[in-house]
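*Asks:* With the input below, show me the fold.
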Amino acid sequence: MKKAFFGFAAILIINSLITRGMIQAQDISLPSPSRKGGMPLMEALDARGSARLFSEKDLSLQQLSDLLWAAWGINRESDGKRTAPSSHNRQEMDLYVTLRSGLYIYDATGCRLKQVHSRDIRALTGTQDFPATAPVNLVYVADLAKRGLKEGQQVTEADQLSSWANTGFMAQNVYLFCASEQLACVIRAMVPRDKLAPEMGLKPLQVIILAQTVGFPGE
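*Replies:* As a prediction, the model looks like this:
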């Protein structure tokens, strides 16, 4: 009886910690990214292109880890700097990942995907048909609070210019990685931001910049 009581108490404690966000039971631990090898740069540039036909086949965890590291990983652990430039090193970009298993945010330091929720919102990341069935849609989000803006302050186009540039750097890294790995991808500006932002639980100063679909080439 005592063992049963303590077992039940442990379950209650764990559930409480999960509810309060202290334990994320559905986070995805990623393998360390492969930082060597791949296609030579000039060959990757020659092979780089956009595609809009995707297989529904999922990427492996290793491919997903390498993809996210290429986009926004840490390549200089001594000072936490990234694979893509960031104006004044503010690192205001958040890289969200939509999978069939839910919405995640990339934690480069912890090498994991932190689950935001378990709903499949891939269809909301674009106005075309293919984002709904492609295995991965990246959503580039700028947290303008990290650029010094205050909540309630009007966000202007000028406030977002650096974030647009930073997104371009990240997206090109993804393009080159996909060329090297013979994956398909496309960057997209046609994003229903007014519908997607609430489903992502974004704060007022978190702004969706672009989305990018990644997967195996379709037939």
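
*Asks:* Residue 48 is in contact with residue 174, isn't it?
*Replies:* No: if you go by C-beta atoms under 8 Å, residue 48 and residue 174 don't touch, sitting 10.1 Å apart. C-beta here means a position set from N, CA and C on the backbone, and glycine is covered the same way.

*Asks:* more neighbours, these two?
*Replies:* Regarding residue 48 and residue 174, a neighbour count based on other C-beta atoms under 10 Å identifies residue 174 as having more, with 25 against 15.

*Asks:* which residue packs closest to the more buried one, ignoring adjacent ones?
*Replies:* Spatially, and ignoring its direct neighbours in sequence, residue 174 is nearest to residue 71 (5.0 Å; C-beta to C-beta, 6 or more residues apart in numbering).

*Asks:* is it true that that neighbour touches residue 168?
*Replies:* No: in terms of C-beta under 8 Å, residue 71 does not count as a neighbour of residue 168; the distance is 11.7 Å.

*Asks:* between the two, which one's more packed in?
*Replies:* residue 71 (28 against 16).

*Asks:* what does the model give the more buried one for pLDDT?
*Replies:* What the model reports for residue 71 is a pLDDT of 98.

*Asks:* Any buried residues in the longest strand along the chain, and which?
*Replies:* Among all segments of the chain classified by DSSP state E, the strand with the greatest residue count is strand 206-215. Neighbour counts over strand 206-215 (16 or more other C-beta atoms under 10 Å) mark 206-215 as buried.
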